[in-house]
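# here is a sequence with its predicted model. Questions after.
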Amino acid sequence: MTDSHLPQFSQITIEGEDAEKFLQGQITIDVTKLGLSYQPTALSNLKGRIEFGLWIKKQDEKQYDVVISTDCVDALLAHLNKFGAFSKFTTSAPVTIYPCVLDHEPTFSHSSDNADGQQWAAISIATGNYWIVAKTQGEFQPQELRLHQRGGMDYDKGCYLGQEVIARIYFKAAPKAFLHRVKSSGETPLAGEKLGKIQVVNAISTDTGFEALVVARPEALGDSEMRVLDLPEALQADVARPQ
């Protein structure tokens, strides 16, 4: 992965009397349980597909910091202005925030001295820490990306955008295609690219080809030349709801 293709992120701050209530009706996580660590979550569209992949933390009372891929930040601000027009909160101008690795975990820093986009991307691929970019907005359902297995979903919190579709899939069905980590030879594919019946979420170049997070049916991977690699144990469980 060249420098020009490394992930880039921005942070906005949402603050005010209605910030918690507004966010609770927008994103997949229970906002009342947030702390000072960045938590992966999603803001979905009415079809139950992820429009914005986010990381969020509660910085202070009635103040939330939200990280998003830089190429999606203008669309997110437009969304917040539209849906939050009658809510009492303010949204800051976006600032650059840098991907870094702390204690072998991908996270973010306001200091460019800590930036390591290459290592962040590699560890993110290895741990299923996908990132949604403009080309993959509206492409994936949260359960397909195993967001529920990373603490990024709350099925008891009440209504939020896309909740009806997301809950129906969780309680009455299960995705047939879902997140896998793979490696292969050849040119590194782009985010959102479809390789036959396999769709790329994120990919990084390696000495022998590329590693990627992809969404696919297991049988499609079995018919391909890709080698499936392990994800963390929690992300290797069945994506269906535990019985």
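That came through, no problem.

# hey, let's count contacts and neighbours off CA atoms from now on
Noted.

# now Val73. Nearest residue, chain neighbours left out?
Distances taken as CA to CA, 6 or more residues apart in numbering put Ser10 closest to Val73, at 7.0 Å, once the chain neighbours are dropped.

# you'd agree the one you found is up against Ser92?
No: Ser10 is beyond contact range of Ser92, at 11.3 Å (criterion: CA atoms under 8 Å).

# who has more neighbours, these two?
More crowded of Ser10 and Ser92, by other CA atoms under 10 Å: Ser10, with 21 against 13.

# which of the three states applies to the more buried one?
strand (DSSP: H, G, I helix; E, B strand; the rest coil).

# pull the residues that contact the lengthiest strand in the chain.
In the chain, taking DSSP state E as the definition, the longest strand is strand 50-60. Residues outside strand 50-60 that contact it (CA atoms under 8 Å, 6 or more residues apart in numbering) are 34-45, 64-69, 72, 76, 131-133, 137-142.

# so where's the protein shaky on pLDDT?
1-5 (pLDDT under 70).

# how about a cut-off of 90?
1-6, 157-158, 172-174, 240-243 (pLDDT under 90).

# now the strands for it?
Counting by DSSP E, the strands of the chain are 9-15, 39-44, 50-60, 63-69, 90-91, 95-102, 105-109, 178-184, 194-195, 198-206, 209-216, 227-229.

# to Leu161, which of those lies closest?
strand 39-44 (5.9 Å; CA to CA).

# counting contacts, what elements does the closest one pack onto?
strand 50-60 (3 or more CA pairs under 8 Å, 6 or more residues apart in numbering; DSSP states H and E).

# switch to 10 Å and redo it
The helices and strands touching strand 39-44, judged by 3 or more CA pairs under 10 Å, 6 or more residues apart in numbering; DSSP states H and E, are strand 50-60, strand 63-69.

# now the first one and strand 105-109, what's the angle there?
The one in question is strand 50-60. 70 degrees (axes from the mean of the first three to the mean of the last three CA atoms, to 10 degrees).

# same check, this time on the shortest one
Relative orientation of strand 63-69 with respect to strand 105-109: 110 degrees, computed using the same axes, to 10 degrees.

# distance from the chain centre to strand 63-69, please.
12 Å (CA atoms, centre = their mean, to the nearest Å).

# within its sheet, name the partner strands of it and how each one runs.
Strand 63-69 has its sheet partners listed here by DSSP bridges as strand 9-15 (antiparallel), strand 50-60 (antiparallel).

# re the thing from before, now restrict the contacts of strand 50-60 to buried residues only.
38-45, 64-69, 72, 76, 131-133, 137-138, 140-142 (16 or more other CA atoms under 10 Å).

# re earlier: list the beta-bridge partners for the residue nearest to Val73.
Beta-bridge partners of Ser10, as defined by DSSP bridges: Ile68, Thr96.
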